[in-house]
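>>> Using only what follows, build the 3D model:
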Amino acid sequence: MFRSLILMAFVACGCMTKVADPVETRAEAAVADAQAEVDGASDGGDEAEIAAPATCGEGCPLWQVCLEGSCAPKPCTADAQCNADPLPPGADPHFCFKGQCQSYQCAKDADCPKGQQCNTLLYLCYDTPKGCAGSKDCDDGDKCTTDSCDLAGACQHKAIPLCCSNDFACDDGKGCTADACKNGQCTWTPLGKCCADSKDCADGNACTQDLCQGGVCKNPPGVGCCKSAAECDDLDPGSTDGCSNGTCTHVYAGLAATCSASAPCSQNACVKGTCTAGLCSYPKPAGPTCCTSDAQCGGDAKCQVPACKAATCTMQAVQGQGPHLRHRFDTAAINNWTVEKSSASVYFHFSTLTQVAGAGALRYGIPAKVSFEDSTANKGAATSPSIVLPASPALRFWTLLDVSPGTAIHQCGLDVHDAQTGAKLASVWSKNANLQSGTTAAKWVQQQVALPGNLAGKSIKLRAWFDQTKYDTSNKQKFGWLLDELEILGPCP
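I've put the predicted structure just below:
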């Protein structure tokens with residue numbers, strides 16, 4: 001019946017222009033039979049049922065449509081087509097973007113969960129990218145490094161050879177070169193032939209001495225070859241050089257200058273003189289108690305100061321105001337001062353970078369590095385053991401500051417605290433109050449300040465403190481702050 005109706009319809013509309021081919025007729029019949037089965041199913045017939053199209057369960061939200069059994073963004077031309085009006089409580093707003101309804105998550109970074117950022121073109125939150133995307137993301141503020149981003153998204157900082165910001169950064173550890181930083185590049189100017197010992201300095205001249213001093217070869221005139229005292233300089237400031245009858249002599253204070261068979265050159269544990277033509281000559285003293293100047297001697301006796309006499313270190317009594325206690329900071333124990341620190345890498349510690357005398361000094365900086373910069377506004381302090389102050393007390397010490405110039409950024413000082421309660425009693429010295437322009441230009445200077453008279457006889461502790469106040473990238477190759485040869489002064493008999 002259905003096939004007949006189709007054929008009649010085609011004849012009636014003039015669509016039939018030729019006799020139907022038997023094959024075409026069979027195809028049409030198949031189509032008609034399939035339609036009849038569908039019609040029969042819809043009429044409650046007992047023919048086989050055709051599966052119903054898939055659905056989207058409980059339906060899709062307003063901004064989506066059901067497509068092949070799944071919810072998909074709804075086509076749109078305006079935002080209003082993507083939102084209910086009014087918007088139900090708790091529902092996120094949506095917007096029409098490129099012909100489809102999209103979820104609206106954010107307008108700024110603060111709208112997103114922690115760790116995500118807002119794409120203000122799509123109004124969607126996304127995870128913050130990890131690592132770097134290019135070299136500009138890796139700038140460490142150090143002009144002496146080449147900054148780059150590797151394929152794994154990690155920053156690399158490669159040191160630029162010979163790059164520097166000050167002369168200290170160019171120290172090659174050799175006494176035979178003048179180390180300098182010029183236009184950001186290290187230069188080393190030879191001061192003479194480098195040497196390890198006197199054997200390296202042989203010049204083949206019998207009238208010169210072959211000396212290795214401070215890693216540099218020196219060849220002053222030898223014995224029997226001088227014409228004046230100027231030719232006999234042995235480069236030792238502790239000796240008096242002379243030339244007698246073509247012979248150089250070198251005499252130290254407290255030792256005999258002339259000799260004879262009955263009066264030989266004076267000798268002690270540090271020197272052994274030789275007598276030539278009635279004149280004494282002494283080699284440079286060597287040994288732990290030998291010296292050529294007071295600065296080479298140590299000692300901590302009350303009301304006594306170290307002195308170099310007859311090339312030997314001794315202690316000399318002081319009258320008037322003199323030392324009652326010394327902290328030399330010559331060992332890792334730093335005279336048992338207690339260190340406080342707010343940074344894991346920069347703090348007060350024993351240092352051998354530079355010192356006034358002895359083996360070392362107390363320094364605020366990064367151990368084993370010429371820097372006190374660790375990319376934080378770091379600060380720290382060091383507190384002395386208990387000290388009982390004498391009458392009319394005073395504080396004397398050596399200090400070296402290698403920090404940013406001026407007074408605005410880096411602060412440091414010395415305070416007095418009660419040894420029992422820890423309460424601060426007085427601020428006795430500070431960089432800004434006691435040093436011109438707040439800096440010593442990386443040079444050792446000695447400071448002396450009177451302590452409050454009402455503290456006499458009290459048990460106190462000294463507290464040295466340093467505060468960077470803010471991160472400053474100009475300190476990558478600066479020493480920081482050093483203290484050495486700290487003394488408590490009082491009356492001496």
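>>> Contacts only, for the residue most central in space within the chain.
In the chain, the centroid-proximal residue (Cα atoms, centre = their mean) is residue 374; its distance is 3.1 Å. By Cβ atoms under 8 Å, 6 or more residues apart in numbering, residue 374 lies in contact with 343, 345, 346, 366. Yep, even glycine has a C-beta here, placed from its N, CA and C like the rest.
>>> give me every residue that touches residue 209.
By Cβ under 8 Å, 6+ apart, residue 209 lies in contact with 218, 219, 220, 221, 222, 234.
>>> thinking again about what came up before, most neighbours among the contacts of residue 374, which one?
Counting neighbours by other Cβ atoms under 10 Å, residue 346 comes out on top of those with 24 neighbours.
>>> is it possible to export the contacts of residue 209 to TSV including pLDDT and distance to residue 362?
Converted to TSV, the contacts of residue 209 look like this (pLDDT from 0 to 100; distance: Cβ to Cβ, whole Å):
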residue	pLDDT	distance to residue 362
218	85	34
219	83	40
220	79	39
221	70	44
222	66	44
234	78	35
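>>> Among those, which one sits closest to residue 256?
residue 234 (17.8 Å; Cβ to Cβ).
>>> Which residue comes closest to that closest one once chain neighbours are left out?
residue 250 (5.2 Å; Cβ to Cβ, 6 or more residues apart in numbering).
>>> Correct me if wrong, but that neighbour is in a helix.
No - using DSSP: H, G, I helix; E, B strand; the rest coil, the secondary structure at residue 250 is strand, not a helix.
>>> my read: it touches residue 281, true?
Yes - taking Cβ atoms under 8 Å as the contact criterion, residue 250 and residue 281 are neighbours in contact, 5.3 Å apart.
>>> Find me the pLDDT at the residue nearest to residue 84 when sequence neighbours are not counted, would you?
Spatial nearest neighbour of residue 84, chain neighbours left out: residue 62 (5.2 Å); criterion: Cβ to Cβ, 6+ apart. Listed pLDDT for residue 62 reads 80.
>>> sec struct for the closest residue in space to residue 165 that isn't next to it in sequence, please.
Among residues not flanking residue 165 along the chain, residue 477 sits closest, at 4.9 Å (Cβ to Cβ, 6+ apart). Under three-state DSSP, residue 477 falls in the coil class.
>>> Let me see the backbone angles for residue 477.
Dihedral angles phi and psi of residue 477 (degrees, to the nearest 10) take the values phi -130, psi 40.
>>> Go ahead and confirm it touches residue 167.
No - Residue 477 is beyond contact range of residue 167, at 9.8 Å (criterion: Cβ under 8 Å).
>>> Pick out whichever of these two has more residues nearby.
Per other Cβ under 10 Å, whichever of residue 477 and residue 167 has more neighbours is residue 477, with 21 against 16.
>>> which ones are touching the more buried one?
By Cβ under 8 Å, 6+ apart, residue 477 lies in contact with 144, 164, 165, 166, 168, 169, 370, 371.
>>> Now do the same contact list for the residue nearest to residue 234.
By Cβ under 8 Å, 6+ apart, the residues touching residue 250 are 232, 234, 236, 239, 240, 241, 242, 281, 282, 283, 284.
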